[in-house]
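Engineer: predicted model and sequence follow; I will ask about them next.
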Amino acid sequence: MWESEFFHYLDIPLGIRYIEAASVEERDFTMEVLGTKRSKQREKIFQVLKRTTSHPTAEWVYERVREQIPRISLGTVYRNLHILKEQGKIRELDFGEGLRRYDAMVEPHYHFVCEECGSVFDLEVPPQEDLNARVQGAVKGHIRTHRLDFYGICRECLNKE
């Protein structure tokens, strides 16, 4: 079965490429369909991302994974972050600071970015499900999703002043 037939069969648009696999066998098959094989390095990178809520940079991930796999290169971390992003397992975020950050929480959610220290926090606010529909009239095209980030000063930085 070709990739497009597989995703069509699952009723998932090819551009999204996210599959919640019910079993290890299905997940392995999905990785093969997406053109990648299982990798110890990629699994460690994914584990590191799943264990943090700090929205780290690739360099931060590299330092943590290097503690477990000392010979891993920064280039390998970047390549595997890209693969994980393409597989829909992580999100790549750009907050305009010249760095890309990564998030293992792929479900829709909002962020708060501290303008002082650069910390990024997930907000426990339910996403505005109707926002896409409310904005659709102003767009010449189709809105698939949205991302909303809030900027300000975090509590830690406010307490320093």
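Structural biologist: Done, it's in. Numbers count the residues shown, from 1 in each chain.

Engineer: any idea how far K85 is from E92?
Structural biologist: Separation of E92 from K85 (C-beta to C-beta, to the nearest Å): 5 Å. Glycine gets a C-beta too; all of them are placed from N, C-alpha and C.

Engineer: any shared contact partners between those two?
Structural biologist: Both E92 and K85 are in contact with Y102, where contact means C-beta atoms under 8 Å, 6 or more residues apart in numbering.

Engineer: and stretch 67-83, end to end?
Structural biologist: One end of stretch 67-83 to the other measures 21 Å (C-alpha to C-alpha, to the nearest Å).

Engineer: what does that stretch rub up against?
Structural biologist: 36, 39-42, 44-45, 58-59, 61-62, 65-66, 90, 92, 102.

Engineer: of those - the most surrounded one?
Structural biologist: Comparing the contacts of stretch 67-83 by number of neighbours (other C-beta atoms under 10 Å), I45 comes first, having 28 neighbours.

Engineer: and it, helix, strand or coil?
Structural biologist: Classification of I45 by DSSP: H, G, I helix; E, B strand; the rest coil places it in helix.
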